[in-house]
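A.B. asks: Provide a 3D model corresponding to the input given below.
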Amino acid sequence: MFKYFKHAGIIAGAALLLSACGGGAGSRAPGAVPQSVDGAQRAIHTVGAQTRYTPPISTVNDAANLGQFAGGFDGNMYFAEEQSATNCTTCSGRISKITTSGSITSYTLQQFTDDNNVSHPVRPYALMTTSDSKVWFVSKDGYFGSINTDGSSPTVYSLHSLGSDASGTFDAITQGTDGNFYLAESTPDRVIKVTSGGTPSVFCSSFSSGADLGMIFLNGDANFWLTERGTGKIAKLTSGGTLTEYNATSGGGYDPFDMATDGSNLWYTAQAVSPSTGTLLVEMKNDGTILHSYTITTAPAGEGAIALQGVSYAWVINANISRVRQSTGVVNDYTLTNSDPNTVAGGMIPGTDGNFWFTDRAHNKIVKVSKT
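C.D. replies: Predicted structure coming up:
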């Protein structure tokens with residue numbers, strides 16, 4: 001994994017807000033030192049061959065179908081499909097497996113039956129895999145569960161006892177060192193803890209107003225890190241529930257979207273708020289210090305998904321795919337064969353075959369890109 005960019009630049013701090021999830025106004029730290037935006041050499045290239053795979057069942061509304069994408073411990077990859085059949089409002093979605101050769105196997109989830117014996121479709125969106133051969137998922141409207149990687153033992157629980165069926169939206173899932181799962185919810189902005197047996201509780205609800213939580217994951221420092229897409233902040237949440245919010249960029253005007261970790265430092269994309277003039281790739285230490293900020297593209301910001309390649313490169317997908325070299329800070333922009341990849345849901349991941357894979361949500365495709 002990455003350590004950090006070995007590239008000259010001013011090391012900068014970020015203003016922060018400390019609070020406890022149990023409440024309290026917190027205190028504001030001294031103002032930030034302006035960060036540097038590193039100048040970068042640019043070159044346009046064309047990436048290797050792209051191969052596009054279509055799930056077995058296409059839907060009328062492709063943009064509402066594909067969810068997130070994750071690598072499995074078995075060498076395969078897994079993705080969520082919010083719908084499983086064309087024009088079926090009562091059908092649950094699927095968890096699907098794709099091999100590095102492009103073979104797709106899909107498993108349709110059962111409906112959830114509530115205490116009144118009413119059935120509800122389960123449409124998974126965010127997912128992750130664990131080493132015990134399970135895929136864990138959550139739907140945007142609050143159904144949580146798992147399924148074995150061979151399609152057996154599907155289990156679904158409802159989070160609606162938390163009131164999430166009224167307005168909450170779930171976009172991300174991670175697992176803590178305690179074995180429980182932690183979900184990022186927006187409107188209301190909360191982190192929900194769920195046991196493997198499906199018992200939910202509110203873990204933290206004291207984020208800045210309008211946070212619009214996105215990504216959540218457990219970092220190598222044993223803290224949870226989240227992106228706040230509505231406030232331009234990065235949030236750190238300890239296992240004990242202490243919340244710290246850092247400015248994603250010192251000058252503002254950018255909202256963080258996707259985030260990855262090298263086990264020590266954080267890497268995230270930050271999209272321009274207005275006008276949509278591009279994306280920054282930012283490296284931050286786990287004390288909130290911004291090390292570097294790289295301008296990725298002046299094309300429309302798109303999703304700004306990120307993937308790390310060993311200790312050599314960070315890759316960001318946007319209107320193009322951009323590669324940032326660790327040792328020099330050089331940014332290379334790679335054009336895509338399909339000039340309109342449009343929305344990428346759940347980001348881009350490196351496959352065990354050495355290629356990069358992403359979900360093209362606009363066209364209901366899984367895309368393999370042979371890197372150069």
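A.B. asks: Please, where are all the strands along the stretch 251-372 of the chain?
C.D. replies: Taking DSSP state E, counting those that start in this stretch as the criterion, the stretch 251-372 of the chain carries its strands at 254-261, 266-272, 279-284, 290-297, 305-309, 313-317, 321-325, 331-335, 344-350, 356-360, 365-369.
A.B. asks: and the fifth one, which strands flank it?
C.D. replies: In its sheet, strand 305-309 lies beside strand 313-317 (antiparallel), with partners assigned from DSSP bridges.
A.B. asks: pLDDT weak spots in the stretch 101-250 of the chain?
C.D. replies: For the stretch 101-250 of the chain, applying pLDDT under 70 flags the ranges 164-167.
A.B. asks: follow-up on the earlier one: quick one: closest of the strands of the stretch 251-372 of the chain to Thr169.
C.D. replies: Thr169 lies closest, by Cβ to Cβ, to one member of the strands of the stretch 251-372 of the chain: strand 344-350, at 13.9 Å. Heads up, the C-betas are built off the backbone N, CA and C, glycines and all.
A.B. asks: residues touching the residue most central in space within the chain, list them.
C.D. replies: Centroid-nearest residue in the chain, with Cα atoms, centre = their mean: Met215, separated by 4.5 Å. Shown in contact with Met215 (Cβ atoms under 8 Å, 6 or more residues apart in numbering): 171-172, 184, 225-227, 256-259, 268.
A.B. asks: burial measure for Gly220, as a count.
C.D. replies: Neighbours of Gly220 under the rule other Cβ atoms under 10 Å: 13.
A.B. asks: Now name the helix or strand holding it.
C.D. replies: Of the helices and strands defined by DSSP states H and E, none includes Gly220.
A.B. asks: isn't it right up against Leu266?
C.D. replies: No: counting by Cβ atoms under 8 Å, Gly220 does not reach Leu266; the two are 10.0 Å apart.
A.B. asks: sorry, back to before: out of the strands of the stretch 251-372 of the chain, which gets nearest to Ser158?
C.D. replies: Shortest distance between Ser158 and the strands of the stretch 251-372 of the chain, using Cβ to Cβ, is found for strand 344-350: 22.8 Å.
A.B. asks: isn't there a strand covering the residue nearest to the centre of the chain?
C.D. replies: Yes: applying DSSP: H, G, I helix; E, B strand; the rest coil, one finds Met215 inside a strand.
A.B. asks: so which helix or strand takes in Lys135?
C.D. replies: Actually, residue 135 is Val. It isn't Lys. Following DSSP H and E, one finds Val135 within strand 134-139.
A.B. asks: Would you indicate which residues of that strand are buried?
C.D. replies: Across strand 134-139, burial judged by 16 or more other Cβ atoms under 10 Å covers 134-139.
A.B. asks: returning to what we had before: between the strands of the stretch 251-372 of the chain, which gets nearest to Ser208?
C.D. replies: Closest to Ser208 of those is strand 254-261 (Cβ to Cβ; 12.3 Å).
A.B. asks: burial of Gly163, as a residue count?
C.D. replies: By other Cβ under 10 Å, 13 other residues sit near Gly163.
A.B. asks: how much space between it and Lys365?
C.D. replies: Here the criterion is Cβ to Cβ, to the nearest Å. By it, Gly163 lies 36 Å from Lys365.
A.B. asks: Kindly report the same for Asn332.
C.D. replies: Using Cβ to Cβ, one gets 24 Å for the distance from Asn332 to Lys365.
A.B. asks: now swap in Asn65 and tell me
C.D. replies: From Asn65 to Lys365 the distance is 10 Å (Cβ to Cβ).
A.B. asks: which stretches of the stretch 1-150 of the chain form strands?
C.D. replies: Applying DSSP E, counting those that start in this stretch to the stretch 1-150 of the chain gives strands spanning 16-20, 23-28, 42-46, 50-53, 66-71, 77-81, 94-98, 104-108, 112-113, 119-120, 124-130, 134-139, 143-148.
A.B. asks: returning to that earlier point: wait, which of the buried residues of strand 134-139 is closest to Ser96?
C.D. replies: Nearest member of the buried residues of strand 134-139 to Ser96, counting by Cβ to Cβ, is Val135, at 9.6 Å.
A.B. asks: The closest one is in contact with Ile147, isn't it?
C.D. replies: Yes: here Val135 reaches Ile147: they are 5.5 Å apart, a contact under Cβ under 8 Å.
A.B. asks: anything in contact with each of the two?
C.D. replies: Ile95.
A.B. asks: who's in contact with Ala222?
C.D. replies: Ala222 makes contacts with 177, 238-239, as judged by Cβ under 8 Å, 6+ apart.
A.B. asks: one step back: now render the strands of the stretch 251-372 of the chain as JSON lines, adding mean neighbour count and distance to Val122.
C.D. replies: JSON lines is the format used below for the strands of the stretch 251-372 of the chain (neighbours: other Cβ atoms under 10 Å; distance: least, Cβ to Cβ, whole Å):
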{"stretch": "strand 254-261", "mean neighbour count": "24", "distance to Val122": "25"}
{"stretch": "strand 266-272", "mean neighbour count": "25", "distance to Val122": "30"}
{"stretch": "strand 279-284", "mean neighbour count": "26", "distance to Val122": "33"}
{"stretch": "strand 290-297", "mean neighbour count": "23", "distance to Val122": "36"}
{"stretch": "strand 305-309", "mean neighbour count": "21", "distance to Val122": "25"}
{"stretch": "strand 313-317", "mean neighbour count": "24", "distance to Val122": "28"}
{"stretch": "strand 321-325", "mean neighbour count": "24", "distance to Val122": "33"}
{"stretch": "strand 331-335", "mean neighbour count": "18", "distance to Val122": "37"}
{"stretch": "strand 344-350", "mean neighbour count": "21", "distance to Val122": "18"}
{"stretch": "strand 356-360", "mean neighbour count": "24", "distance to Val122": "19"}
{"stretch": "strand 365-369", "mean neighbour count": "21", "distance to Val122": "21"}
